[in-house]
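Chemist: Provide a 3D model corresponding to the input given below.
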Amino acid sequence: MTAFPDIGTAGAAGATSALPAAGEARYAALAARFRPVFDRIAEGALNREQTRTLPFEQVGWLKDAGFTALRVPAAYGGDPVSHEHLFRLLVELAEADPNVAHLLRSHFSFGETVALQPEPFRDRWFPRILAGQIFGNAASERGNALGTTTTKLRRQHGQWLLSGEKYYTTGSIFADWVVVMASTAGVAGRQYAVVPASAPQVRILDDWDGFGQPLTGTGSAVFTDVPVEAEDILTRRITSTLEPAFFQLCLLAVLAGIGRAAVRDATTLVQGRTRTFNTGSGALFRDDPQIQEHVGTLAAKTYAAEAVVAAAARDLDAASDPDLGLSPEDAFLRAELAVQQAHVVVPPLVLDVAGGLFEVTGASAVGRDKALDRHWRNARTVATHNPRIFKARAVGDYLINGTLPEGLHSIGEAAPASDSPTPSTSGATN
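Modeler: Below you'll find the model as predicted:
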């Protein structure tokens, strides 16, 4: 078994139990600042989803309000918020529109990566984030073998060039820059190349055909000999980044926000309903004890999901706290285990809420004009990104055998059973 120093009050499980909830006054101020923007975004969310209108304008509102620069360090002119506060805000944004919260996942994750790079890289990119520039992601592909990428970086006449095709490029259609996973001949593992989204050699398509999260800009991107500056090529290492845990926790925050939206809509339905069933109490739904109990149960499940997200975010704060003095390996482990455990419990809670919404109304609730099914469709889509059964297995394997969880996730075609490789520790998160 691999030995690790104590990383929490109860090892892998319950690591946040000794962490106090701090800074509520700070969060109240942040929420007061951004809730008016979230309210504006919520006003048109249903119509945008019904008409497939991408939220370019809404992303602009968030940039103008400074939301996209919330993690820029003070040394670069920012007023950075904690992970806990950022993820709580993302939950509120996801309640307003889960598509908008989801599409910013890669943007905020890139900021986490920048923070761990050498000073010249930080000097190059933090001012751009502070100025409101947005970053998208292009990592996953179709048809690649597990642990590999068909997108290549090559040197030609003294210039680095990037070529390849990606899918699931969430957020890139809204972005100023795209962070692209690639490989280089003779270089181990995979690299990230940061390229301008507006370059003529970059083509980004809105061709995502999933039944949920339709407005995240997820789809294809084609890169054809895109020039890349040498200083904008990164090699990711498992011991030097908390980005994988951060990346996954963004999805869980989106799920918690969807749960809040479903409870909101369930409450509104019950408050306004006048029709009832003779098989029930015969009273107005708002006065029926069973309906009251069901709404309360939906709210409790959503509360639990949101609390788990906040707890995992506090573990990210602890992992990156210099006063705790964790090694890079221990910091990675603390963050990764927290988020993997959260990933086991949050999706089923929210899926139960999104489906249970329909238990507080009648057949009229399934009208397409209401689009209440969007909560389940969106939650189900987010929850498919990384199967929770693998997260549960990884946590159990660590607790029982000391096996470290995968740090840099990868997806691709499985190798034949006879020559399946050892899972890669360098890759992309779908």
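
Chemist: Helix, strand, or coil at residue 188?
Modeler: coil (DSSP: H, G, I helix; E, B strand; the rest coil).

Chemist: now do residue 219
Modeler: Under three-state DSSP, residue 219 comes out as coil.

Chemist: tell me the phi and psi of it?
Modeler: Main-chain torsions, residue 219, degrees, to the nearest 10: phi 170, psi -150.

Chemist: Quick check: it touching residue 208?
Modeler: Yes - counting by C-beta atoms under 8 Å, residue 219 touches residue 208, with 4.4 Å between them. All C-beta atoms are positioned from the backbone trio N, CA, C, and that covers glycine.

Chemist: shared neighbours of these two, which are they?
Modeler: Both residue 219 and residue 208 are contacted by residue 168, under the criterion C-beta atoms under 8 Å, 6 or more residues apart in numbering.

Chemist: tell me, what residue is most central in the protein?
Modeler: residue 250 (2.6 Å; C-alpha atoms, centre = their mean).

Chemist: Quick check: closest non-adjacent residue to that one.
Modeler: residue 105 (4.0 Å; C-beta to C-beta, 6 or more residues apart in numbering).

Chemist: With residue 135 as the reference, measure out to that neighbour.
Modeler: 10 Å (C-beta to C-beta, to the nearest Å).

Chemist: May I have the residues that are in contact with residue 218?
Modeler: Residue 218 neighbours (C-beta under 8 Å, 6+ apart): 168, 169, 170, 208, 210.

Chemist: Closest to residue 405 out of the residues you listed?
Modeler: residue 168 (21.9 Å; C-beta to C-beta).

Chemist: Please, which helix or strand holds the closest one?
Modeler: Counting by DSSP states H and E, no helix or strand carries residue 168.

Chemist: tell me the contacts of it?
Modeler: Contacts of residue 168 (C-beta under 8 Å, 6+ apart): 139, 140, 208, 218, 219, 430.

Chemist: can you redo the residues you listed as CSV with pLDDT and distance to residue 234?
Modeler: Shown next, in CSV, are the contacts of residue 168 (pLDDT from 0 to 100; distance: C-beta to C-beta, whole Å):
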residue, pLDDT, distance to residue 234
139, 91, 13
140, 90, 18
208, 92, 26
218, 92, 23
219, 91, 24
430, 40, 19
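
Chemist: which of those residues are buried?
Modeler: Buried members of the contacts of residue 168, scored by 16 or more other C-beta atoms under 10 Å, are 139, 140, 208, 218, 219, 430.

Chemist: biggest separation within these, which pair?
Modeler: Between any two of those (C-beta to C-beta), the greatest distance is 15.0 Å, for 139 and 208.

Chemist: helices and strands of the chain: which one has the lowest mean pLDDT?
Modeler: strand 233-235 (a mean of 90; mean pLDDT, DSSP states H and E).

Chemist: which secondary structure elements does that one contact?
Modeler: strand 191-196 (3 or more C-beta pairs under 8 Å, 6 or more residues apart in numbering; DSSP states H and E).

Chemist: Not counting the strand it packs on itself, show me its contacts.
Modeler: So strand 191-196 is in contact with 113, 125, 135, 153, 160, 162, 176-184, 202, 223, 226-228, 232-236, going by C-beta under 8 Å, 6+ apart.

Chemist: out of these, which are inside helices?
Modeler: 113, 125 (DSSP state H).

Chemist: buried subset of the contacts of strand 191-196?
Modeler: Buried among those (16+ other C-beta under 10 Å): 113, 125, 135, 153, 160, 162, 176-184, 202, 223, 226, 228, 232-234, 236.

Chemist: ok, residue 308 - how many residues close by?
Modeler: The number of residues packed around residue 308, counting by other C-beta atoms under 10 Å, is 22.

Chemist: ugh, wrong one, residue 201
Modeler: Neighbours of residue 201 (other C-beta under 10 Å): 15.

Chemist: Tell me who's in contact with the residue lying closest to it once chain neighbours are set aside.
Modeler: Leaving aside its sequence neighbours, residue 201 sits nearest to residue 226 (C-beta to C-beta, 6+ apart; 4.3 Å). By C-beta under 8 Å, 6+ apart, the contact set of residue 226 is 161, 162, 163, 193, 195, 199, 201, 202.

Chemist: which one of the residues you listed is nearest residue 313?
Modeler: residue 193 (29.1 Å).
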